[in-house]
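Colleague: Got a sequence here, can you model it:
(chains A and B)
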Amino acid sequence: MQVILRLILKRLAAAALTLLLVSVIVFTITSLLPGDAAQTALGQNATPAAVAALRLKLGLDEPAILRYLHWLSGLLSGHPGYSYSDGLPVSALIAKRLPESLLLAAATAVVSVPIALTFGILAAMYRGSMLDRTLSTTALAMVAVPEFLVATVGVLIFAVKLRWVSALTFELDHPSLREFLRGYTLPVLSLCFAVVAQMARMTRAAIVDQLRQPYAEMAALKGVSTSRIVLTHALPNAVGPIVNAIALSLSFLLGGTIIVETIFDYPGIARLMVDAVSYRDMPVLQTCAMIFSAAYLGLVLIADVCAILSNPKLRRQ
Amino acid sequence: MNHSPTTKAPAQDAGLSRRQVLRGFAAAGALAATSQFSVARAEGPRVGGRIRVASVLSSIADTLDPARGALSTDYTRHYMIYSGLTQFDSRLEAKPGLATSIESDDATLWTVKLRAGVEFHDGKPLTPADVVYSLLRLKDPATGSQVLAIASQIADVRATGPLEVQIRLSAPNVDLPVILADSHFLIVQYGAADFRTAIGTGPYSCVDFNPGVRTLARRNPNYWKPGKPYLEQIELVGISDESSRVNAMLAGDLQLINGVNPRSVQRIRSSSGYTVHETPSGLYTDLVMRQDSRPTNDPDFVLAMKYLLNRDEILQAVFLGHAVLANDQPVPPSSRYYCPDIPQRQYDPDKGRFLLRKAGLGQTHLAMYASPAAERSVDIATLVQESATSAGLALQVNRVPADGYWSNCWMKHPLTFGNINPRPTVDMLFSTFFQSDSPLNESGWRDARFDALLLSARSERNESRRKQMYWDMQKRVHESCGVGIPAFINLIDACDRRLKGYFPIPIGGLMGYNFAEHVWLDD
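Modeller: Numbering: from 1, shown residues only, chains lettered A, B, ... in the order given. Just a heads-up that it's a prediction; the model follows:
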């Protein structure tokens, strides 16, 4: 157990450093973008006088390094500043959007992970068979079709033509199960298209890799059934890479859903970040970047811990 | 130029007294808006029903502050929640709003009489202090107001009675009543500053506002127009992807949308439950030729490019006919100040080639910047490039992203595309984009006579003389200004057929962003 605790502490320290570096890089790149928050807010009405006044109000007249330090010290004390665009506290904006993103990610994970594992395990059990080839081709075809196409065709057929589901996902105050299904089916399925393939293929590869080991061969020679070899012998040993693949896919579900959010008008955090880029809204952008990076690092850490726990050899190191 | 208007003549023609000429609106106090569509309907409007409306964009820059409204979604939201001193009618003339009359003897000092018994959503009465506060904050640079330049014409606003306000301008402007109908001039409550929520006197009160997500508004039962509005609830969202917007409406999730692409019109019309409303407007995408760099400042080059705009082709190929032919003058045919006397400039590659050769520009390579930010400019640029090639000019189309286009490209290179939204008055349009010293003078065009006419027209109280001035100005722009305007773009909305009471107000889509108080939902 101590090994794991030490690992977690070490990784958390490294994560803090990584986040700091990310924030510096994001800030620098944003500063390099043409135009600033005052200019973009005023658009065509950006006369020099109006821009100067707005810059003064937003504190954009300060040197960049000071603005960065202000934001950083604010974040460390739990208050990541105010949005340049609408003057609301960044924390309030995130508090409204993050739960929505988490809900979408959770719903997608609940659907996609079992499908992907089933695909991967079946393909590994019957590798080389017709079933394996069909599943692999299906998975590859799913990942090859762009999300916007899947989503738009889905909307045309199931929302416009058949009217089974909703074409947009609205904010519902107390959704019933039926309303929830109406609103979430299409976005969740579109996202599943994007993430299932990766997880399924990694699962298949990891299990096949285990099945090539002498112990699997031994079990087969002793007459153990294929399903038992795969499920009780190979699968536990393949947990490490599989959890890793799942973690990577889940981190995509938090920040990489911009296309689905746009098409279904879903109020998630990816769109918030894209808005923040187009309006040069540094406090919002920086905070979103921190959340995505932290989530990514957190998921990878969890995956590693799972891998260690599942492997007695690593546990004792 | 048959008649040169003088500015000092007294305004006593046509038997009108000064006071009558300068009345903000003809029938002060009458609620004219209700009569406009009473003819068209068989049954009366019904109270009740909820609709969901999608505009073209919603982001964290959404605001409840009318002064900072920057996009159609903002204007729509603000007209739902707030009322103005005046309102636009379908001809963009001022109708009574919170003001029952606006009068002036000299177009400089205006007396505004406020409507009695108007209540804010929180029950507080409307007072002159609210009006004074709402107008003066537009002048304060710290407000971040989109109309800082226009509002700086307001020298002072004072309460002069329990229901009376005086507005003193720094110079005469007969358009004040029309300007006050603009969404940025809507009346907020005295002291309103953080705009986390909104309290207005408008037809709907704000229930929920989540920037970039939605605005939820409920019927204001104490609205100052008896019987109005009709809908129980409106949810306003912004969907930037046009096909998502159209699909969601056809799927029954939305009842009204704007920004419909001409390509979707046929599809919507052929559906059973939905229809399209088209508003001819003053919106245009123009070719901007800067007068402060070479070779675009050569008058022959400017004229050549105007002859090389194949307007008919642009109208048909780019806008699929959902536009109105323009003639390098920025006032649309729907305006009462439109000058019909200017002969239409036709596509003429021979004349173009001749003028280019005259300017010595046979072999010049020139970059032309187009962007999705300026509506359809990339398509227009491709057509211009084609006709320029046929006239011997090598133009290169630089397609740049929408992001940052207005601050970094537009007006910065010799040849760019602009996109000008309809303006409530010809004066606003001219003084923002054509006056010599305006920071947004698109082409950097300098014409002393134009500037003089602009100032005279602003204080000219005689309507026919004013019209003559605007006509002369349009001729000058048509002849020598560095902008080529191929077409006025129609604004296309679509809605559920059960939504009734729609009529176009050419300042923008969604009935000039004002649909909320006019429409109702049939059973």
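Colleague: okay, CA-based contacts and neighbour counts for the rest of this
Modeller: Will do.
Colleague: Quickly list the domain ranges of chain B.
Modeller: Domain ranges of chain B: B:45-230+B:498-521, B:282-489, per automatic domain parsing.
Colleague: Would you pull up how far the first one lies from the middle of the chain?
Modeller: Counting by CA atoms, centre = their mean, to the nearest Å, domain B:45-230+B:498-521 is centred 15 Å from the centre of its parent chain.
Colleague: Is it in proximity to chain A?
Modeller: Yes. For domain B:45-230+B:498-521, a contact with chain A is found by CA under 8 Å from any CA of the partner chain, at B:59-63, B:70, B:141-148, B:194, B:196, B:212-213.
Colleague: swap in stretch B:430-442?
Modeller: Yes. Stretch B:430-442 lies within reach of chain A by CA under 8 Å from any CA, at B:439-440.
Colleague: sorry, back to before: among the residues of domain B:45-230+B:498-521 next to chain A, name the buried ones.
Modeller: Among the residues of domain B:45-230+B:498-521 next to chain A, those classed as buried by 16 or more other CA atoms under 10 Å in any protein chain shown are B:59-63, B:70, B:141-148, B:196, B:212-213.
Colleague: just checking, which of the residues you listed belong to strands?
Modeller: For those, not one is inside strands, with DSSP state E as the criterion.
Colleague: what's the spacing between the residue in the stretch 51-200 of chain A positioned nearest to chain B and residue B:254?
Modeller: Chain B sits closest to residue A:160 of the stretch 51-200 of chain A, with a gap of 4.1 Å, by CA to the nearest CA. Look at residue A:160 and residue B:254: by CA to CA, to the nearest Å, they are 12 Å apart.
Colleague: overlap in contacts of the two?
Modeller: Shared contacts of residue A:160 and residue B:254, defined by CA atoms under 8 Å, 6 or more residues apart in numbering or on different chains, are found at residue B:248.
Colleague: For chain B, which helix or strand comes out least confident on mean pLDDT?
Modeller: Across the helices and strands of chain B, mean pLDDT, DSSP states H and E gives its lowest value to helix B:18-21, namely a mean of 42.
Colleague: quick one: strands adjacent to the very next helix or strand once past that helix?
Modeller: Going down the chain from helix B:18-21, the next helix or strand is strand B:50-55, by DSSP states H and E. Looking at strand B:50-55 with DSSP bridges, its partner strands are strand B:233-238 (parallel), strand B:256-257 (parallel).
Colleague: Dump these into JSON lines; add mean pLDDT and mean neighbour count as well.
Modeller: Listed next are those as JSON lines, based on pLDDT from 0 to 100; neighbours: other CA atoms under 10 Å in any protein chain shown:
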{"stretch": "strand B:233-238", "mean pLDDT": "95", "mean neighbour count": "23"}
{"stretch": "strand B:256-257", "mean pLDDT": "96", "mean neighbour count": "26"}
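Colleague: Include distance to residue A:47 when you put those into JSON lines, please.
Modeller: Listed next are the strands paired with strand B:50-55 as JSON lines, based on distance: least, CA to CA, whole Å:
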{"stretch": "strand B:233-238", "distance to residue A:47": "27"}
{"stretch": "strand B:256-257", "distance to residue A:47": "32"}
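Colleague: Mind giving me the packing neighbours of the helix or strand hosting residue A:105?
Modeller: Using DSSP H and E, residue A:105 sits in helix A:90-125. Contacts defined by 3 or more CA pairs under 8 Å, 6 or more residues apart in numbering or on different chains; DSSP states H and E place helix A:90-125 against helix A:130-144, helix A:177-211, helix A:235-255, helix A:269-278, helix A:282-310.
Colleague: Mind doing that once more with 10 Å?
Modeller: Packing partners of helix A:90-125 (3 or more CA pairs under 10 Å, 6 or more residues apart in numbering or on different chains; DSSP states H and E): helix A:130-144, helix A:177-211, helix A:226-228, helix A:235-255, helix A:269-278, helix A:282-310, strand B:204-210.
Colleague: So which bits of that helix are buried?
Modeller: Result for helix A:90-125 [16+ other CA under 10 Å]: buried residues A:90-91, A:93-94, A:96-98, A:100-101, A:104-109, A:112-113, A:115-117, A:119-125.
Colleague: send the alpha carbons of the longest helix seen in chain B over as CSV?
Modeller: Assignment by DSSP state H gives helix B:463-480 as the longest helix of chain B. The C-alpha coordinates for helix B:463-480 follow below in CSV (Å, rounded to 0.1, in the frame of the first residue of the first chain):
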residue,chain,number,x,y,z
GLU,B,463,-38.4,66.8,-45.1
SER,B,464,-38.1,67.4,-48.8
ARG,B,465,-34.9,69.3,-48.5
ARG,B,466,-33.5,66.6,-46.3
LYS,B,467,-34.4,64.0,-48.8
GLN,B,468,-32.7,66.0,-51.5
MET,B,469,-29.5,66.1,-49.4
TYR,B,470,-29.6,62.4,-48.8
TRP,B,471,-30.1,61.8,-52.5
ASP,B,472,-27.1,64.0,-53.4
MET,B,473,-25.0,62.1,-50.8
GLN,B,474,-25.9,58.8,-52.3
LYS,B,475,-24.9,60.0,-55.7
ARG,B,476,-21.5,61.0,-54.3
VAL,B,477,-21.0,57.7,-52.7
HIS,B,478,-22.1,55.9,-55.9
GLU,B,479,-19.7,57.9,-58.0
SER,B,480,-16.5,58.1,-56.0
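Colleague: how about low-confidence regions in the stretch 251-400 of chain B?
Modeller: Along the stretch 251-400 of chain B, segments meeting pLDDT under 70 span B:362-363.
Colleague: That one against chain A: which residues are in contact?
Modeller: Contact residues (CA under 10 Å from any CA of the partner chain) of the stretch 251-400 of chain B with chain A: B:251-254.
Colleague: Output those as TSV; include the columns distance to residue B:313.
Modeller: Output for those, formatted as TSV (distance: CA to CA, whole Å):
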residue	distance to residue B:313
B:251	34
B:252	36
B:253	36
B:254	34
